[in-house]
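**Student:** The amino acid sequence is not available; the structure is as follows:
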């Protein structure tokens, strides 16, 4: 039956079910549907199911005309009825993996997904986990839940891990031209996963085990977290030394070997970099190993929002003002430029710290018209020349390409630029991180 499945995959005829229609699951579903597979996207959120079935995209990287065309062709549909998993031959898990407040992994979404799959599991199926998690999750957590059915991985069905490598708003790299890493519970499981992803990815990289594939993702994101922490600490040093950190990074980046530029900012945000390294840290602590680089990087990056607010206090003091009672406009609350996702955004921490100090805070973000967090509801305010003059300070946290920063500088009383968005603009109003 597994040989039959491999033939179906090779002919793009295997029916695919993807659990989780978020920033990873929906683009993946679209990519497989484009290749000719019949894809069902599963999600507990009825709003997402309705939007997909109406051909409406809620993910910026998924073009609505393409989604609508695939739905009309019958190549893609969505469902919240997980009994429909019985009709699929390939099942991919793309559910969230957040951290608890204690910084421990919350794998409840993975457990729930695996439980639903177990109820529908049959011989000749391929199951793949894409959700970022700690090494050992696929074998130690998902495998036992699936094998409770009496079916055996590598004999009756295949189980593998393949880390997602989605970078929202990246115009250069996408699912097709980003190499896909796969590692299975058995060599046969690896081969089946490789056969599947070869249908949509230009290059598929095989590693020896599922644990290796899980570790690849954590190395990638820990590398970024540690290097961002390094340049953030450099920014703190340069501030004390009265040196422009942005000039230093630009000059260092001219070296054609042995250096890769990372850039400072007001903190880390998003679904990966602030969270994923802590999955590895948690796992290593269970083995009595202290992950010092991860902990140090987390501590440094975590201080940046507070540093940004302290800088604001210094800047206002030069103008004989205080944070308390002053009006601030936060420009950009998304976690990175040109996306609408504000999960873990440092802008939220900055807003919270300013409010604690008695500031009056508003925000403008063309991609986030409404903001809900900490039981609060906010609405983006206009950033017109007239409205900008009403604020004592404009704080650039997340620059978007649609924003005109020359106009911002010209109209605002004071600008605090945490991301160097005003590079090339000369004005005594501008202060940097």
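**Tutor:** It's in. Since the structure is predicted, the reported quantities are computational estimates derived from the model, not experimental observations. Numbering: from 1, shown residues only.

**Student:** how about the strands of the stretch 301-433 of the chain, start to end?
**Tutor:** 327-331, 360-364, 370-373, 376-379, 393-396, 415-417, 430-432 (DSSP state E, counting those that start in this stretch).

**Student:** I'd like to know which elements the third one is packed against.
**Tutor:** Translated: strand 370-373. Contact analysis of strand 370-373 by 3 or more Cβ pairs under 8 Å, 6 or more residues apart in numbering; DSSP states H and E lists strand 376-379 as its packing neighbours. Just so you know, the C-beta spots here come from the backbone N, C-alpha and C atoms, and that holds for glycine as well.

**Student:** out of the strands of the stretch 301-433 of the chain, nearest to residue 280?
**Tutor:** strand 370-373 (26.7 Å; Cβ to Cβ).

**Student:** So which bits of that closest one are buried?
**Tutor:** Judged by neighbour count using 16 or more other Cβ atoms under 10 Å, the buried positions of strand 370-373 are residue 371.

**Student:** Low-confidence regions, the stretch 251-400 of the chain specifically.
**Tutor:** Within the stretch 251-400 of the chain, no range satisfies pLDDT under 70.

**Student:** Save the strands of the stretch 301-433 of the chain as TSV, and put in distance to residue 407 too.
**Tutor:** Putting the strands of the stretch 301-433 of the chain into TSV (distance: least, Cβ to Cβ, whole Å) gives the following:
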stretch	distance to residue 407
strand 327-331	11
strand 360-364	12
strand 370-373	23
strand 376-379	21
strand 393-396	11
strand 415-417	11
strand 430-432	14
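
**Student:** between these, which one is nearest to residue 54?
**Tutor:** For the strands of the stretch 301-433 of the chain, proximity to residue 54 was assessed by Cβ to Cβ; strand 370-373 is nearest, at 21.1 Å.

**Student:** tell me how far the helix or strand hosting residue 118 is from the chain's mean position?
**Tutor:** Per DSSP states H and E, residue 118 falls inside helix 108-120. Distance, stretch centre to chain centre, for helix 108-120: 22 Å (Cα atoms, centre = their mean, to the nearest Å).

**Student:** Phi, psi for residue 15 please.
**Tutor:** phi -90, psi 130 (degrees, to the nearest 10).

**Student:** buried sites along stretch 108-124?
**Tutor:** 109, 110, 113, 114, 116, 117, 118, 120, 121, 124.

**Student:** ok, residues contacting it?
**Tutor:** For stretch 108-124, contacts defined as Cβ atoms under 8 Å, 6 or more residues apart in numbering pick out 1-2, 4-5, 19-20, 82-83, 85-86, 88-89, 91, 93, 95-97, 127, 129, 131, 133, 137, 141-142, 145-146, 148-149, 151, 156-157.

**Student:** how near is residue 329 to residue 288?
**Tutor:** 48 Å (Cβ to Cβ, to the nearest Å).

**Student:** What is the nearest of the buried residues of stretch 108-124 to residue 28?
**Tutor:** residue 113 (14.5 Å).

**Student:** Give me the pLDDT value at the closest one.
**Tutor:** On pLDDT, residue 113 comes in at 97.

**Student:** Starting from residue 105, give me the distance back to it.
**Tutor:** 15 Å.

**Student:** Quick check: chain neighbours aside, which residue is closest to residue 338?
**Tutor:** residue 169 (4.3 Å; Cβ to Cβ, 6 or more residues apart in numbering).

**Student:** No further questions, thank you.
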